[in-house]
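*Asks:* Provided below are the primary sequence and the corresponding predicted coordinates.
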Protein chains: 2
Amino acid sequence: MNETQNSQIFNQRLPRCATLIEARLDEWLSNSERHGFIPARLAEAMRHAVLGGGKRLRPFLVLESARLCGMTDEAALNTAAAVECIHCYSLVHDDLPAMDDDDMRRGRPTVHKAFDEATAILAGDALLTLAFEILADPATHRDPEIRCALALGLARSSGRAGMAGGQMLDLMAPGAASSEAEILRLQAMKTGALILFACEAGAILANAEAAQQEALRDYGTALGVAFQLADDLLDVHGDAATVGKAVAKDQDAGKATLVTLIGADAARERLADLQGQAVDALAPFGANAAVLAAAAEFVANRKY
Amino acid sequence: MNETQNSQIFNQRLPRCATLIEARLDEWLSNSERHGFIPARLAEAMRHAVLGGGKRLRPFLVLESARLCGMTDEAALNTAAAVECIHCYSLVHDDLPAMDDDDMRRGRPTVHKAFDEATAILAGDALLTLAFEILADPATHRDPEIRCALALGLARSSGRAGMAGGQMLDLMAPGAASSEAEILRLQAMKTGALILFACEAGAILANAEAAQQEALRDYGTALGVAFQLADDLLDVHGDAATVGKAVAKDQDAGKATLVTLIGADAARERLADLQGQAVDALAPFGANAAVLAAAAEFVANRKY
């Protein structure tokens, strides 16, 4: 198949995954008795944080990597939901006035604007906690060894040496990240680690052979760098209405990005290289990997 | 043995447990390469949050309940550390200006005072995440089924229907909790659930028989209520220098507590009843439970 055909499959598969994952998240976030007594305000804030749209790229990557390793969507949905809970908690906390101070997210008021700061902090904490509740649940995989491996991987990728650490570096920037190596490390932690874990998760779920795990790791690593580079280009050249959040924030904050360091043209070239690396990494999966190859193209060329 | 002898054993055992747990927390919180690259500021804020003293009551309960079920301290230390990470993250976030707005904790500046708000939010997030990293780690127990049971129990007790939910209700008070039943529910969630889990954790670690699990659950439930009732009495009658944090905050906020509802004398009577219930629950363990019996006495009569 050629790139256009791959894109068509991807363009059908991404919203299909989003529908599946939103239905599963809606179940986990329902304020029903089986989840215990949840204060209504907290339950609503968690739903606002998670169920307000978004591309659902990370859960899509979980479902697709799982499918490549022989797992059904159904068998991977809880893991995908856990990854999305982590992503959404990070958005809620990053948007807080003490952090990036954003009022809008996905075209809607952020949680602390729709509710208040305290509720936003707690909703983020509760989503973070829920991610591990989901992974530890026997329904997520019958083998507890695999559930533990997923929890360990998610904790490491989203914690102090992963996403949370990356956000710390970002807040300390420009001082903490001015060279290319420092910027790449910051971004590998802040956004790369969770994208990488989403790509690995399918291989973990399927207890896949080492070559497949390695392939998905390489794919996820390239995809994570590409994702952030595209984001930096959008921050410089994007339009707030299309992107759904404020743009030019890095510039305004005087923060160095790869784009400010090497220029937009060189950044676009590198983005094409990264897309190539991501696609090459998928070689062991043959034609089955067409959707993930198209995902790399989408990530490299995204407009929002 | 009589109550005085039990107290003596407890008075030796509590600081001994604190020393053990602080050494283990110090290892987990060291900024060494084996934990990956952690931004120094984040690592320091996490250490400030966790290693600044405290009674270490919850990890003590984990070690003691584990010992009662036949486990060594060493075998229970990681689980105890995970519970303390959750407790400390909750203090960091609860102290934030948007929440309880406290400047002092354990006689030292709170994390957002010693660092800043953004760092405090991230340090709390990273501690929450670290708790699950620790529980998922094979070093915590060789059986992944048990590691998953611990993670599930910790997530449920500290999440939206547990500690985080209780803090939400507390912030919504007095509106959300004015009757005795509502106050008891709020407190069972906000402080009771994690204390209960600490008491259950030993039984989970040891895969103890149902009667032992049940006994530790009953003990932990009574202890949790007693702990909060004693806290409410301290808030009314305590001295800020001894307690190590601001007092009379509930009164100032116009929040109902059991003490404002039934009066201090009735509260003290109830505290004695709860202590009795906690001790009675330990009957299946015989004389081995002397230290936990003394812990109940300590909790009911604590001055700080």
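*Replies:* Yep, it's here.
*Asks:* if I pick A:D232, what's in contact with it?
*Replies:* A:D250, A:T257, A:L258, A:V259, A:A267 (C-beta atoms under 8 Å, 6 or more residues apart in numbering or on different chains). From N, CA and C alone the C-beta is placed, and that goes for glycine too.
*Asks:* which other residues reach the host helix or strand of the last one?
*Replies:* This points to A:A267. Under the criterion of DSSP states H and E, A:A267 resides in helix A:264-281. Here helix A:264-281 makes contact (C-beta under 8 Å, 6+ apart) with A:215-216, A:218-219, A:222-223, A:225-226, A:229-230, A:232-233, A:236-237, A:258-259, A:262, A:292-293, A:296-297, A:299-300.
*Asks:* Among the residues you listed, which ones are in helices?
*Replies:* Among the contacts of helix A:264-281, DSSP state H puts A:215-216, A:218-219, A:222-223, A:225-226, A:229-230, A:232-233, A:236-237, A:258-259, A:262, A:292-293, A:296-297, A:299-300 in helices.
*Asks:* If any of the residues you listed are buried, put those into a ChimeraX selection.
*Replies:* To isolate the buried members of these in ChimeraX, using 16 or more other C-beta atoms under 10 Å in any protein chain shown:
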select /A:215,216,218,219,222,223,225,226,229,230,232,233,258,259,292,293,296,297,299,300
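*Asks:* Confirm A:A123 sits in a helix?
*Replies:* Yes: membership of A:A123 in a helix is supported by DSSP: H, G, I helix; E, B strand; the rest coil.
*Asks:* which one is it nearest to, not counting chain neighbours?
*Replies:* Of all residues not flanking A:A123 in the chain, A:A45 sits nearest, at 3.8 Å (C-beta to C-beta, 6 or more residues apart in numbering or on different chains).
*Asks:* Quick one: residues contacting A:Q228.
*Replies:* A:Q187, A:K190, A:T191, A:G192, A:L258.
*Asks:* Go ahead and confirm the last one touches A:I183.
*Replies:* Yes: shown here, A:L258 and A:I183 form a contact pair, counting by C-beta atoms under 8 Å, at 5.9 Å.
*Asks:* What about the residue nearest to A:A123, how many residues nearby?
*Replies:* A count of nearby residues for A:A45, using other C-beta atoms under 10 Å in any protein chain shown, gives 28.
*Asks:* give me the element it is part of.
*Replies:* helix A:40-50.
*Asks:* ok, and for that helix, which residues are buried?
*Replies:* Within helix A:40-50, the residues that count as buried by 16+ other C-beta under 10 Å are A:R41, A:L42, A:A43, A:E44, A:A45, A:M46, A:R47, A:H48, A:A49, A:V50.
*Asks:* Tell me the helices and strands packed up against the next helix or strand after it.
*Replies:* Per DSSP H and E, helix A:40-50 leads on to helix A:57-68 as the next helix or strand towards the C-terminus. Other elements packing on helix A:57-68 under the criterion 3 or more C-beta pairs under 8 Å, 6 or more residues apart in numbering or on different chains; DSSP states H and E are helix A:3-28, helix A:73-94, helix A:193-205, helix A:210-237, helix A:290-301.
*Asks:* Comparing these, which stretch has the densest surroundings?
*Replies:* helix A:193-205 (a mean of 27; mean count of other C-beta atoms under 10 Å in any protein chain shown).
*Asks:* Taking helix A:73-94 as reference, get the angle to that one.
*Replies:* 160 degrees (axes from the mean of the first three to the mean of the last three C-alpha atoms, to 10 degrees).
*Asks:* chain center to helix A:193-205: distance?
*Replies:* 10 Å (C-alpha atoms, centre = their mean, to the nearest Å).
*Asks:* and it, anywhere near chain B?
*Replies:* No: judged by C-beta under 8 Å from any C-beta of the partner chain, helix A:193-205 and chain B are separated, with a smallest distance of 9.5 Å.
*Asks:* now do stretch A:152-167
*Replies:* Yes: counting by C-beta under 8 Å from any C-beta, chain B has neighbours in stretch A:152-167: A:L152, A:L154, A:A155, A:R156, A:S158, A:G159, A:R160, A:A161, A:G162, A:A164, A:G165, A:Q167.
*Asks:* Which of those sits closest to A:V92?
*Replies:* The nearest member of the residues of stretch A:152-167 next to chain B to A:V92, counting by C-beta to C-beta, is A:Q167 at 12.2 Å.
*Asks:* what's next to the strand or helix carrying the closest one, contact-wise?
*Replies:* In the assignment (DSSP H and E), A:Q167 maps to helix A:163-172. Residues outside helix A:163-172 that contact it (C-beta under 8 Å, 6+ apart): A:86, A:90, A:93-94, A:99, A:157-159, A:176-177, A:185-191, A:193-194, A:255, B:36-39, B:41-42, B:118-119, B:122, B:125-126, B:129.
*Asks:* what's the answer for stretch A:16-26, then?
*Replies:* A:50-51, A:54-56, A:59-60, A:63-64, A:73, A:77-78, A:80-81, A:84-85.
*Asks:* Between which two of those residues is the distance greatest?
*Replies:* Largest pairwise distance in the contacts of stretch A:16-26, by C-beta to C-beta, is 21.7 Å, between A:L51 and A:E64.
*Asks:* The two: who's more crowded?
*Replies:* A:E64 (26 against 13).
*Asks:* Give me the local confidence score for the more buried one.
*Replies:* Per-residue confidence at A:E64 stands at 98 (pLDDT).
*Asks:* for chain A, which residue is closest to the average position?
*Replies:* Geometric centre of chain A, nearest residue: A:R58, 4.1 Å, by C-alpha atoms, centre = their mean.
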